[in-house]
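>>> build me a structure from this.
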Amino acid sequence: MSVPLEKIIAMLPWLAAHPDVEVSEFAQAFGLNNRQARDMVQMLTLTGPGQDGGQLVDIDYEDDVIFVREAHNFNRPVRFNRVQVASILTGLQYLRSVSDPVSYPVIDGLIGKLAPLAGFTGLPLEILSSGVDEEILRLVHEAINNSTNLEIEYSAGTGDVSKRIVEPSHLETREDVTYLVAWCQLKADSRTFRLDRILNVDISQAPSTNTQGIVPTIDSPDAILVTLLSTIEMAEEFDPSLVVSKQAQSEATVKLVLKVGSIDWISGFILASGGAVKALEPAELCANIAFRSQIWLDRANAN
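Predicted structure coming up:
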């Protein structure tokens with residue numbers, strides 16, 4: 001799902017002004033279908049520091065009604081100190097480096113407004129270039145949005161260069177590296193291509209060879225297998241490409257084995273679930289959740 005940045009920015013204030021709105025009304029207001037609207041609500045619950053949800057605004061939905069609580073943050077002037085503004089500007093710089101070029105004017109406008117207000121004559125930090133050519137990034141986004149194929153020149157890690165026809169699926173960024181996930185006609189299989197190793201790209205009129213309708217997934221050598229106990233409803237929120245196995249445990253719960261790229265990411269998701277998802281394995285994941293939970297408890301007790 002590709003949603004323009006300006007729409008995402010407008011969603012939280014809109015929901016704060018419509019505290020108990022039906023999903024269908026929210027979807028209509030932002031040009032989404034109901035499934036996309038539910039996905040956006042799930043994402044917005046993680047808005048704010050810590051990835052545990054509710055630190056900026058508390059959002060939930062039940063029986064197709066979206067409930068907004070603790071929206072007082074939108075009813076008073078927002079004040080930032082210089083450190084907070086520097087953090088926001090750094091985040092905006094990073095967001096620009098991985099965004100669709102059509103979002104550049106919105107991001108640049110936000111940077112242009114925030115930096116002078118904080119007294120910065122330049123940006124507080126420099127994000128090193130990802131090495132991705134902006135024209136290549138533009139054409140890749142265009143192909144994904146229009147479901148067209150690409151002819152690329154790709155340099156492997158060994159330095160060998162090959163020409164391929166690929167059928168783009170989506171982009172993923174992991175550990176500051178952005179990948180194109182696509183069906184590769186040369187290999188007749190799902191493949192992952194680092195954007196900074198794509199030397200040239202052109203729109204291709206070649207027909208699809210993915211006759212079985214395989215959905216390409218990112219091939220990450222650093223993927224981690226995690227085992228979770230989840231409610232049936234929350235289990236549906238995981239991208240199917242992450243699910244290795246699913247086994248019913250009761251009428252209300254399932255045991256999931258997922259392939260994820262980050263312990264921190266899955267820890268944040270589990271903590272944001274409010275008890276609907278529990279970690280079983282590996283020990284590293286359980287320890288990470290316990291550590292982060294203790295930090296939040298200590299902060300709560302201190303207040």
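>>> can you count the residues close to residue 268?
Neighbour count for residue 268, taken as other CB atoms under 10 Å: 19. In this view, the C-beta of every residue, glycine as well, is placed from N, C-alpha and C.
>>> swap in residue 66?
By the measure other CB under 10 Å, the count of residues near residue 66 is 21.
>>> surely residue 247 is within a helix?
No - assessed by DSSP: H, G, I helix; E, B strand; the rest coil, residue 247 does not belong to a helix; its assignment is strand.
>>> tell me how far it lies from residue 282.
With distances defined as CB to CB, to the nearest Å, the gap from residue 247 to residue 282 amounts to 18 Å.
>>> those two: which is more packed in?
Comparing residue 247 with residue 282 by other CB under 10 Å, the one with more neighbours is residue 282, at 14 against 9.
>>> just say helix, strand or coil for residue 115.
Once three-state DSSP is applied, residue 115 turns out helix.
>>> shouldn't it be in contact with residue 89?
Yes - Residue 115 lies in contact with residue 89 (CB atoms under 8 Å); the separation is 6.2 Å.
>>> what about the nearest residue to residue 229 once chain neighbours are set aside, which helix or strand?
Leaving aside its sequence neighbours, residue 229 sits nearest to residue 278 (CB to CB, 6 or more residues apart in numbering; 4.6 Å). Residue 278 belongs to strand 277-281 when assigned by DSSP states H and E.
>>> and that strand, which strands flank it?
Sheet pairing of strand 277-281 (DSSP bridges) gives strand 224-231 (antiparallel).
>>> C-terminal to the partner strand, what's the next element?
helix 232-235.
>>> packing partners of that next one?
Contacts defined by 3 or more CB pairs under 8 Å, 6 or more residues apart in numbering; DSSP states H and E place helix 232-235 against strand 253-260.
>>> distance of residue 253 relative to residue 246?
Separation of residue 253 from residue 246 (CB to CB) stands at 11 Å.
>>> looking at the two, which is more packed in?
Applying other CB under 10 Å to residue 253 and residue 246 shows that residue 253 carries more neighbours, namely 18 against 15.
>>> buried ones in the helix ranked longest in the chain, by neighbour count?
Longest helix in the chain, counting residues (DSSP state H): helix 283-302. By neighbour count with 16 or more other CB atoms under 10 Å, helix 283-302 contains the buried residues 285, 286, 288, 289, 292.
>>> mind giving me a markdown table with these and columns for distance to residue 257 and pLDDT?
As requested, these are arranged in a markdown table below (distance: CB to CB, whole Å; pLDDT from 0 to 100):
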| residue | distance to residue 257 | pLDDT |
| --- | --- | --- |
| 285 | 12 | 92 |
| 286 | 15 | 92 |
| 288 | 18 | 88 |
| 289 | 17 | 90 |
| 292 | 22 | 83 |
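>>> which of the residues you listed sits closest to residue 203?
When the buried residues of helix 283-302 are ranked by distance to residue 203 (CB to CB), residue 285 comes first, at 42.1 Å.
>>> give the burial count for the closest residue in space to that closest one that isn't next to it in sequence, as a bare number.
Of all residues not flanking residue 285 in the chain, residue 279 sits nearest, at 4.8 Å (CB to CB, 6+ apart). Using other CB under 10 Å, residue 279 is surrounded by 22 other residues.
>>> what's the pLDDT at residue 279?
Per-residue confidence at residue 279 stands at 94 (pLDDT).
>>> that one and residue 224, how far apart?
Noted for residue 279: a distance of 12 Å to residue 224, by CB to CB.
>>> repeat for residue 33
The gap separating residue 33 from residue 224 is 32 Å, by CB to CB.
>>> which of those two has more neighbours?
The neighbour comparison of residue 33 against residue 224 (other CB under 10 Å) goes to residue 224, with 16 against 12.
>>> quick one: the more buried one and residue 250, what's the gap?
Counting by CB to CB, the gap from residue 224 to residue 250 is 26 Å.
>>> mind listing the strands for this structure?
For the chain, the strands defined by DSSP state E cover 20-22, 58-62, 65-69, 149-155, 161-174, 177-184, 189-194, 198-204, 224-231, 243-248, 253-260, 277-281.
>>> that concludes my questions; thank you for your assistance.
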